[in-house]
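Asks: Predicted structure and sequence below. I'll ask about it afterward.
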Amino acid sequence: MPTADELIVQTLEEAGVEYVIGIPGGGTGQIYNLLYGKEDRIKTILVRHEQVAAIMADAYGRATGRPAAIMGQGLFMASNATFGIMEAMLSSSPMVVITDTSDGGVAFHAANQSGAGEYGSIDITTILKTMSKYTTLATTPKEAVLGTQLAIKHATSGRPGPACVVMRSAAIGGEVDVESPPFVHNAAGYLNTAKPQSAPQDIQRAIDILSQSQRPVLVAGNGVHMSKSHQQLQELAELWNMPVATSYKGKSAIAETHPLSVGMVGVYGQEAANRSVGEADTVLVVGAKLTPQDTVRERPSIFDPLRQKIIQIDIDDRNAGWTFPVELGLIGDAGSILSQLVEASQPAAANSAAGRKEWADALPQRKQDNSFYDDPEMHRDSSPVTPQRLVALLNENLSADTVFALDAGNNRTWMAHLYQARQANTFFSPGGTAGMGWGLPAAVGLKLVYKDRPVVCVTGDGGYMMTVNALSTAVQYDLPIICVVFNDGALGMVRQHQPEGRRIASEFVTTDNGAVARGFGAFGIQIGDSRDLPDAIRQAQASGLPAVIDVLIDRGPSPDDWRADARRAGET
Ligand SMILES: Cc1ncc(C[n+]2csc(CCOP(=O)(O)OP(=O)(O)O)c2C)c(N)n1
Ligand SMILES: [Mg+2]
């Protein structure tokens with residue numbers, strides 16, 4: 001009779017899981033041992049910290065739509081890895097978590113390192129349940145196998161997300177009776193489901209609403225990235241000649257250089273986007289939850305269901321009509337529904353084009369009037385380097401197909417606001433948790449997918465140091481990403497909101513992050529003058545190594561100068 005660990009590895013193979021990322025520990029060690037010799041089908045990546053494993057898998061899941069498995073010992077998966085699991089949950093990224101309770105067969109008695117959830121142990125199943133789509137506790141060998149199969153299914157079905165199988169020690173190595181029900185079938189067969197579409201009459205209702213509208217706008221979110229429907233989004237926008245705004249997580253749903261792009265809506269967005277949405281009579285939302293950051297805390301001058309007809313496309317019907325009441329919710333895969341809408345748009349779009357002409361013609365001027373991706377400081381060299389100049393130079397010196405992983409803090413607000421994506425599907429961000437330390441491991445995970453394209457992480461000095469160990473993983477697996485550190489020696493976003501003379505717990509000791517990188521065997525350089533950046537990028541790329549460019553940042557400029565919800569003098 002086969003053992004559960006053998007069938008778990010077989011399940012991963014059958015389901016096409018390409019990567020197992022983590023740190024062996026507890027009962028998972030014996031599953032790792034069985035992966036030996038299978039590298040042509042399942043590749044193992046050893047990380048330095050479980051947080052990095054989870055973030056890498058999150059990024060890989062977003063880029064491919066397929067789950068990587070993260071695997072490690074219970075207590076540490078339910079603590080160290082949770083940062084990445086939470087972000088995957090909030091950003092709808094498929095991920096499989098395989099872990100154990102390390103109870104050693106004595107779950108009910110005093111046990112070391114136990115995560116069984118019994119008296120005297122930590123309840124890791126409950127911890128993981130709070131942040132996953134699915135978590136099961138397998139207490140028998142057969143449950144361990146079926147639980148792994150179900151975790152893979154749950155990770156990818158409907159709105160994707162993390163799904164976990166937690167196994168008792170005895171369940172992992174025990175024999176599985178495959179001769180009697182419930183039978184263990186090939187895992188691939190559970191995944192053969194077609195993507196949901198909308199009913200033709202609902203598609204027609206959407207077309208009718210768009211035909212009657214004079215000022216329609218698209219708001220594209222993370223769902224466009226997850227369904228890889230960038231092409232359909234652009235086609236629909238072009239057919240109706242309607243402006244496209246994106247949420248923060250939807251950044252680069254369309255190239256921001258496209259004539260119809262108005263950039264990001266919301267707190268960190270473009271004024272052109274906030275105005276376009278605000279003046280729209282119909283708002284077609286695609287795969288965006290409409291968080292306070294996207295809506296500037298539900299500011300009625302931007303989103304207002306009393307003035308606007310809102311059509312919302314979402315894979316989860318709970319999300320369509322969640323923040324605002326909608327005229328129509330279209331439930332299904334964003335890519336399928338956008339294709340249906342494209343198909344159904346003619347001749348209605350052409351026939352009604354005259355009614356939208358004024359709106360479309362006004363667009364270039366609206367962008368020009370609202371300093372679209374422009375700031376005077378972008379054009380002036382500086383030392384220390386202003387964030388605006390750094391963003392401008394990154395855009396000038398990196399190719400259009402560069403894939404970005406953002407982090408948290410001021411650095412990401414500058415990037416999100418001022419970096420004009422020249423190609424769709426080039427921005428990845430921790431828009432669910434806004435957690436520091438996501439960017440670098442995410443870039444390493446993205447490099448597994450985008451092997452032939454530049455992958456660049458942009459992070460703050462605070463975020464960089466939180467997961468800096470990912471550099472070691474990048475070196476070990478030859479994943480030459482570039483990490484650009486906005487080094488302001490501070491938790492910049494925190495510091496900037498503290499009164500002068502009363503700053504507390506927001507400033508760091510000086511650190512040379514380039515030197516830190518060299519210690520890992522990566523390329524590392526620190527620069528303090530914007531004029532040195534192009535050469536630093538060239539050197540980083542020529543090194544062929546994972547690289548860190550540590551940029552000493554001018555603390556002066558503040559995103560509050562353009563944040564849509566900025567506190568102005570006298571406001572509280
Ligand atoms: C893990 C984590 N801890 C705390 C926070 C709260 N927080 C948001 S921005 C920020 C400062 C970020 O500093 P840094 O990474 O240096 O970026 P900067 O703002 O300086 O560009 C903090 C502490 C967070 N988002 N994530
Ligand atoms: Mg900082």
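Replies: That came through, no problem. Ligands and ions are numbered 1, 2, ... in the order given.
Asks: residues contacting the residue in the stretch 51-200 of the chain positioned nearest to ligand 2?
Replies: For the stretch 51-200 of the chain, the residue closest to ligand 2 is Phe83, as judged by C-beta to the ion, at 18.7 Å. (Each C-beta comes from the backbone N, C-alpha and C, glycine too.) By C-beta atoms under 8 Å, 6 or more residues apart in numbering, the residues touching Phe83 are 51, 54-55, 433, 435, 437-438.
Asks: Can you classify Leu448 by secondary structure?
Replies: What DSSP: H, G, I helix; E, B strand; the rest coil gives for Leu448 is helix.
Asks: mind checking the SS state of the closest residue to it other than its chain neighbours?
Replies: Counting by C-beta to C-beta, 6 or more residues apart in numbering, Leu448 lies nearest to Tyr60, which is 5.7 Å off, once chain neighbours are set aside. Under three-state DSSP, Tyr60 falls in the helix class.
Asks: give me the number of residues near Tyr60?
Replies: 27 (other C-beta atoms under 10 Å).
Asks: ok, it touching Lys447?
Replies: No. Between Tyr60 and Lys447 there is no contact, the gap being 9.7 Å when judged by C-beta atoms under 8 Å.
Asks: Can you pull the residues that touch both of the two?
Replies: Contacts common to Tyr60 and Lys447, judged by C-beta under 8 Å, 6+ apart, are absent.
Asks: how about the residues of this protein that lie near ligand 1?
Replies: Neighbours of ligand 1 within the chain, by C-beta under 6 Å from any ligand atom: 408-411, 434-437, 460-463, 486, 488, 490-494.
Asks: Just list the residues touching the residue nearest to Leu448, thanks.
Replies: By C-beta under 8 Å, 6+ apart, the neighbours of Tyr60 are 19, 66, 68, 445-446, 448-449.
Asks: For those residues, pick the one with the most neighbours.
Replies: Counting neighbours by other C-beta under 10 Å, the top entry in those is Gly445, with 33 neighbours.
Asks: how about Thr148, phi and psi?
Replies: Per-residue torsions, Thr148: phi -70, psi -40 (degrees, to the nearest 10).
Asks: how close does it get to ligand 1?
Replies: 30 Å (C-beta to the nearest ligand atom, to the nearest Å).
Asks: Same check on Ser336?
Replies: 35 Å.
Asks: which residues does Leu128 contact?
Replies: Leu128 touches 77-78, 82, 85, 97, 99, 135, 164, 166, counting by C-beta under 8 Å, 6+ apart.
Asks: Including secondary structure and neighbour count, could those go into a markdown table?
Replies: What follows is these, written out as a markdown table (DSSP: H, G, I helix; E, B strand; the rest coil; neighbours: other C-beta atoms under 10 Å):
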| residue | secondary structure | neighbour count |
| --- | --- | --- |
| Met77 | helix | 31 |
| Ala78 | coil | 27 |
| Thr82 | helix | 23 |
| Ile85 | helix | 31 |
| Val97 | strand | 32 |
| Thr99 | strand | 30 |
| Thr135 | strand | 25 |
| Cys164 | strand | 30 |
| Val166 | strand | 31 |
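Asks: of the residues you listed, closest to Gly355?
Replies: Distance to Gly355 across the contacts of Leu128 (C-beta to C-beta) is lowest for Ile85, with 47.6 Å.
Asks: can you give me the helices for the stretch 251-400 of the chain?
Replies: Secondary structure of the stretch 251-400 of the chain (DSSP state H, counting those that start in this stretch): helices located at 271-279, 292-295, 334-344, 348-351, 353-361, 363-369, 387-397.
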